[in-house]
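**Student:** model the structure of this input:
(chains A and B)
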Amino acid sequence: MMSSSFNIFRVGISFVMVCIFYKSSVDTLPELSPQKYFSTLQSGKASLAYFCQADSPSTSIFLEELNKAVKPLQDYGISVAKVNCVKEEASRYCGKEKDLMKAYLFRGNILLREFPTDTLFDVNAIIAHVLFALLFNEVKYVTTLERLQNIEDTLKGKANIAFAYVRAIGTPEHRAVMEAAFVYGTTYQFVLTTEIALLGSIGTEDIEYAHLYFFHCKPVLDLTQQCRRTLMEQPLTTLNIYRFIKSMEAPLLTEVAEDPQQVSTVHLQLGLPLVFIVSQQATYEADRRTAEWIGWRLLGKAGVLLLLRDSLEVDIPQQANVVFKREEGMPVEYLVLHDIDLVISHVEKNMYTEEVREDEDDDIEGPDTDTLGIQDDEVAETVYRDRKRQLPLELTVELTEETFNATVTASDSIVLFYAGWQAVSMAFLQSYIDLAIKLKGTSTMLLARINCADWSDVCTKQNVTEFPVVKMYKEGENPVSYAGMLGTEDLLRFIQLRISCPVNITSVQEAEEYLSGELYKDLISYSSVSVLGLFSPTMTTAKEDFTEAGKYLKGCVITGIYSEEDVSILSNKYTATLPALLLARHKEDKVESLPLANTHAQDIVQIITNSLLETFPEITVENLPTYLRLQKPLLVLFSDGSINPQYKKAMLTLIKEKHLDSLTPCWLNLKTTPVGRGVLQMYFDVLPPLPLLVVVNLHSGGQVFAFPSDQTVTEQNLLLWLKKVEAGLESPITILPAQEWKPPLPAYNFLHMMDAAASQHSSRKSPECVKETDVQENDKEQHEDKSAIKKEPTETLRIKHWNRRFLGQLITGRVSTLIGSPNQTFTM
Amino acid sequence: MGLSVARLWGSPGLLLTVALYLALTLHPVQASTPPHRDYCVLGAGPAGLQMAYFLQRAGRDYTVFERAPGPGSFFTRYPRHRKLISINKRYTGRANSEFNLRHDWNSLLSHDPRLLFRHYSPAYFPDASDMVRYLGDFAARLGLHVLYNTTIAHVTLSKDRQAWNGHYFILTDQKGQAYQCSVLLVATGLSVPNLVDFPGSEYAEGYESVSVDPKDFVGQNVLILGRGNSAFETAENILGVTNFIHMLSRSRVRLSWATHYVGDLRAINNGLLDTYQLKSLDGLLESDLTDLAIVKDHEGKFHITLKFYWEEGNQRADAITLPQDDSDNFAMRVAYDRVIRCLGWNFDFSIFNKSLKLSSVGEFSKKYPLVRGSYESKGSRGLFVLGTASHSVDYRKSAGGFIHGFRYTVRAVHRLLEHRHHRVAWPSTEHPITQLTSSILRRVNEASGLYQMFSVLADVVLVKENATAFEYLEEFPTQVLAQLETITGRQARHGLFVINMEYGRNFSGPDKDVFFYDRSVGHTEDAWQSNFLHPVIYYYRHLPTEQDVRFRPADWPLPRPTAIHHIVEDFLTDWTAPVGHILPLRRFLENCLDTDLRSFYAESCFLFALTRQKLPPFCQQGYLRMQGLVGTESLRQHRVESGALQDHAAADRHREDSGQWPGYHGPVGHPQAPGPLVQPLHSNKEEL
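**Tutor:** The predicted structure follows:
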């Protein structure tokens, strides 16, 4: 076997020189005589020559393709020539017949390989074959799994492997692999196969396309251990392979302790995003393991860094555990992602959008059409997902223009006004049907509904122009609009408490029954407080105000009125000064009295509403808004299940002693309100054991303070802690984000698209751009053109953009590799 | 005197006698104070009655003047062949009455469901006498104040500083009785047959008088001048009995299905096109009538020649050169037995005094009087043109010249007058911003006014401060958008949306192939290329100025907006698809208003309320006011499945370690189901 070795450093130099030399002179195929050709061969330099008869046609498909290969091959330091075999200078390379002409690859004047022209069917095949021949040793061709295994075993602990499957030799993918091997063949062992079976046996299912794996064999020290593999997910192109291998070279995990905004690694240059896993001293080990795992998962897709929060000088949001940096110069995103899969999917999603953006950023500041079409409205999405379920709609009466008036005047009715195409009202319709199921056969109230998409006139006449709306129609009364939560429970209460309020109480005995809850036994479960207004018969204004308030509160609390002559019996008993309000709290079995002198209806409503509030409520999804209205910071005790009696006692004592007046003390049962866990996840990076006591300053500043979990909850400790919080001596565990709710995603910029089309259209019309023959066609194909207009520039722009952005790097990358490893040799 | 007269006028039962009485008694003192009306309507056709209805409902002082003894006199005579070409579609499969009006081209607007045309005729193309009956019922049942048998012969202007508009309109009837009007609403339609002057034009019979009995045309050669619906209607009637019909007009025939303009030739009348193209001797020719001359020969037959020949000849029929003398294959070399003129109608300008400055649209076109986009005459304030005569605003574009169009423009004029003279602001409804998508959707899916008067009337959404609420105004004339505040009495300080309906820009036209392959667009991102009528929403950060409106880009119904949205055309004109129609609309509105318009369940609002300082509008306007959407268990399940909701209850079960990564259990297993891609909380791109 003949072998020649030379310093690759020289090749590098000669490559650069060749570039300079050829730059101005030729990209076309030189035509030489055999003698001339052989005289130009330089030792150590590769050359591809096509020998043909002098009288053969000057053009052929092969020659065209060979012509195209001139420039790329020159980039690899390989010259190309067409040699004309003239009779006088017969060469042994000149075939005897026209059809048997071949191409020959020489190094110096040594023949390396001969190629029948049909194997060099296009430019890709020419380059692939030539490089394959030259890089015979760098790229091992295997056909069996054993061979692959052998190579893998020998390289363990020494070098990594780039293993590629291509469908056939000479394909564009093969060329890409060979070009990559030209650059990286000295650093990594390239292994190539065309055997599908081989690919299947290493566990790839989708074997239709070319694949490239990176085998991480260098770190493997135990020979029985397999090399870890990373699959390149992008299509096999030179550029993609370059990016992929570059990212394989980058460290799996980097620790940083500087502002993520300032951090930059090779990933960003490669167009890959960075993912910072935020760590702190206490959880460093676990975080590092997590980050490494993420690093492996994201290898080739993103750079993963461990951000040490404790040694960080800049502030990052307390609760953020992941920082995402999409591109150099772009603001970083702070995220809270509690699952590795979420991190992965976030990156994958954003990688995708990044690519889409790329091809549009010169053209249309384009929304990513795929994500724009994804429903991000939870109500719309769930209603849509539920569309096929049959609801027992027959439990409610469907009204029409003809039946509406007759129905609502004939019996007491509740009417749901909805629109069939509106998600919120369709979601509520389900609750409404649930209510009908609950009330089936028990209620005298007729449950009806009307679809305003069909009967829009009826709805407009009932003053309903938004959806959903619930109205109660009772004989002799104006219809009442329901203003409570759009759910089964609250609506049920509204219906049950529909008795005319205030109820007129006519005797002291009846009043006592009313206050004890006897009178409306079945309603007590819906209204924990019964309100009784006491008036002497002459207090007409006060009575009017109270009646008005009672009407307003209809459906949420029972109110009664007593104004007989003997009202003093009651006022004396409950030590009230007339006019007065008695509040009977059925749960606690006690009756309070409040003076009502000169109180307007609105204020009465306020008094009664406030009296419905508890001092230490269990906070739920339904009642939170009522307590938020107080505009005080919440003191929430998060409890997993029912509340610890000791805690409760401590809290109640503090409440009683008026220490908590500036707060809204409450507790949250995670068993009944599981969404509370989501709240805790936002508050705590590391969730301490429950129960947890937290102050949330929702209305000013958004600070969240947590009662130290190492302290026991006693009145003293609590009080001390609250004082410190109030004095600003405690530092918040987190500050709730204060940003506005912006559009979740961009919209289609139709104006932009129309402008683009218009300018395209006008430029097409300008005579410089259009050949005469095209004009007529343009008019004819105007409509087809429209769609073409949109796509064509995008395609070209993408290529241009990529060329600009990456190909430059690719070339510089290659040169530096070649220069940087002067001792490597080509071995023939 | 004036007072007592006004009182008498209030009772319609006495109208006729009173009118007579007035005519007799007032004559001597007429010069001093003629009886006064706030509103005078000329003509008791569809437009006049429609305006009368709105004035009546608003309790205004008005009278309609009608020369005939009953309403709709035009329809007692026309169309000559009695078949209306306005669609009377009685079944749509939909219960929504507003939607159904989209396909009812004959009814006027009223609150009385009995006054729908479908109760008057079962025919898809109804008979004109049904229209007369309908209009009679409309006027009678609604008790409209119409003064029949009163021909207004003369209208002049009388300056008066006290008057609403600085002048009164003085109307004088055939008996010399005068009436003083603050506002004049001209709904006289187009009543003068259009005549083209050329030598021999006197030989042509007019559409208005030609026989409609086919027997009169048996075995004749007929030439019809014109190519509109009346010409084709006439041809259709005699097609089977003539030798042939030639139809002559200046420009090519415009087919309404190609132009989307209902005034162009309707398919129901185009039988002659069929026979022409199927080589049945009938034919269409294009030539300018004014270049021609008709010569009558000694046999009483008509020959077509050029005006040029006629002028140089000595005007004796037999001596005039005919084209075929020079060019023996001249198309119209045969002699015709009849020439029929069907050249359309013009507005009757004759009764209006010059002082009114009621001019025609163009120097050469006397068809329509010149009006503004608000239908007010450019010449005198307080004079409005309604109905067919107001069609110059959208001639060959929309339906303003037809009942199904002008019933809405009349309403717009009435709303304008209500604000101008009675301080009643343009009707509107106010809603929280979370209802914006719904409000727009509702209208584009049912509104008839938008649908019929596309690109002429549009809905307007006025955004309130901080974009927390909006006002919704219906059917505002787009051409006077700049004057919106003065016309409606509503404020447009914080941006506005205009909801319009449009055909694709290059879709329609007399020479366009409207059936080309791939004519419809299905993808939301291509919605701007939609061809069929579809909703288009314009967003303006500021109310456009008059300059903006006047110098808007060519072919744009509205000035260039800050942003535009097309809802993709829909085969069923049902724009309620959650992802195809509603979602892109919401995204557009969100991006215009820079807010998040998604809806959330109470549970999500609860989470936001405790973990964020600000809430999305839906939670603010619903949940925080104790009107949160609770949802059912099955919907909750869907939320978990869709990933919108992290299943906290389920997460609980897997939570062994309280570490930062609950889902992390080493490289092998991930017991937690791959949950949401991004929780809703984070999907809002955060910039902290």
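**Student:** give the rounded mean pLDDT of stretch B:299-318.
**Tutor:** Averaged over stretch B:299-318, pLDDT sits at 78.
**Student:** in it, what's buried?
**Tutor:** Judged by neighbour count using 16 or more other C-beta atoms under 10 Å in any protein chain shown, the buried positions of stretch B:299-318 are B:302-307, B:309-310, B:313. Every residue, glycine included, has its C-beta placed from N, CA and C.
**Student:** just stretch A:120-135 next, same as before
**Tutor:** Using 16+ other C-beta under 10 Å as the test for burial, stretch A:120-135 gives A:120, A:122-135.
**Student:** do the same with stretch B:462-481
**Tutor:** Buried-residue list, stretch B:462-481, by 16+ other C-beta under 10 Å: B:462-464, B:467, B:469-481.
**Student:** try stretch A:390-401
**Tutor:** Buried residues in stretch A:390-401, counted by 16+ other C-beta under 10 Å: A:391, A:395-397, A:399, A:401.
**Student:** contacting residues for the one residue in chain A that gets nearest to chain B?
**Tutor:** Proximity to chain B, evaluated over chain A using C-beta to the nearest C-beta, is greatest for A:Gly487 at 2.6 Å. For A:Gly487, the contact set (C-beta atoms under 8 Å, 6 or more residues apart in numbering or on different chains) comprises A:431, A:622, B:602, B:628-631.
**Student:** hmm, back to that, of the buried residues of stretch A:390-401, list those near chain B.
**Tutor:** Contacts with chain B within the buried residues of stretch A:390-401, counted by C-beta under 8 Å from any C-beta of the partner chain: A:Glu401.
**Student:** in the chain, what secondary structure element scores lowest on mean pLDDT?
**Tutor:** Here I'm looking at chain A. In chain A, no helix or strand scores lower on mean pLDDT, DSSP states H and E than helix A:808-820, which sits at a mean of 31.
**Student:** picking up where we left off before, taking the buried residues of stretch B:462-481 one by one, which sit in strands?
**Tutor:** Within the buried residues of stretch B:462-481, residues falling in strands by DSSP state E are B:462-463, B:469-477.
**Student:** among those residues, which two are most distant?
**Tutor:** B:Ala469 and B:Pro477 (24.7 Å; C-beta to C-beta).
**Student:** remind me which residues of the chain are low pLDDT?
**Tutor:** Let's take chain A. Within chain A, the segments meeting pLDDT under 70 span A:1-27, A:54-59, A:87-90, A:95-100, A:203-208, A:351-371, A:500, A:760-828.
**Student:** hmm, I had chain B in mind actually
**Tutor:** By pLDDT under 70, the weakly predicted segments of chain B are B:1-32, B:313-318, B:363-364, B:644-688.
**Student:** circling back to that earlier point, name the nearest of the contacts of A:Gly487 relative to A:Asp755.
**Tutor:** Of all the contacts of A:Gly487, B:Leu629 has the smallest distance to A:Asp755: 39.9 Å, by C-beta to C-beta.
**Student:** does that closest one touch A:Met426 like I think?
**Tutor:** No: in this structure B:Leu629 lies outside contact range of A:Met426 using C-beta atoms under 8 Å: 10.7 Å.
**Student:** so for those two, which sits in the more crowded spot?
**Tutor:** Each of B:Leu629 and A:Met426 has its neighbours counted (other C-beta atoms under 10 Å in any protein chain shown); B:Leu629 has more, 28 against 23.
**Student:** show me what contacts the more buried one?
**Tutor:** A:379, A:424, A:427-428, A:485-487, B:599-602, B:622-623 are the contacts of B:Leu629 under C-beta under 8 Å, 6+ apart.
**Student:** and it, how far from B:Phe74?
**Tutor:** Using C-beta to C-beta, to the nearest Å, B:Leu629 is found at 55 Å from B:Phe74.
**Student:** circling back: what is in contact with B:Leu629 and A:Met426 at once?
**Tutor:** In contact with both B:Leu629 and A:Met426: no residue, using C-beta under 8 Å, 6+ apart.
**Student:** stretch A:694-711: end-to-end distance?
**Tutor:** End-to-end distance for stretch A:694-711, by C-alpha to C-alpha, to the nearest Å: 13 Å.
**Student:** same question for stretch A:589-602.
**Tutor:** Stretch A:589-602 has an end-to-end distance of 27 Å (criterion: C-alpha to C-alpha).
**Student:** which positions within that stretch qualify as buried?
**Tutor:** Under the neighbour-count criterion of 16+ other C-beta under 10 Å, stretch A:589-602 has A:591, A:593-594, A:596, A:599, A:601 buried.
**Student:** still on that earlier bit, which of the buried residues of stretch A:120-135 come close to chain B?
**Tutor:** Near chain B, by the rule C-beta under 8 Å from any C-beta, you find none of these.
**Student:** show me which pair in those is furthest apart.
**Tutor:** Pairwise distances across the buried residues of stretch A:120-135 peak at 19.8 Å for A:Asp122 and A:Leu135 (criterion: C-beta to C-beta).
**Student:** how about the contacts made by the residue in the stretch 301-450 of chain B that chain A sits nearest to?
**Tutor:** Of the residues in the stretch 301-450 of chain B, the one nearest chain A is B:Gln435, at a distance of 4.5 Å by C-beta to the nearest C-beta. Residues in contact with B:Gln435, defined by C-beta under 8 Å, 6+ apart, are A:466-467.
**Student:** within the helices and strands, which one has the residue sitting nearest the centre point of chain A?
**Tutor:** Nearest to the mean C-alpha position of chain A, counting by C-alpha atoms, centre = their mean, stands A:His346 at 5.0 Å. Element membership for A:His346, per DSSP states H and E: helix A:340-360.
**Student:** ok, and what's touching the helix or strand that contains B:Asp325?
**Tutor:** Counting by DSSP H and E, the element that carries B:Asp325 is helix B:323-326. Outside of helix B:323-326, the residues within contact range by C-beta under 8 Å, 6+ apart are B:304-306, B:309, B:330, B:332-333.
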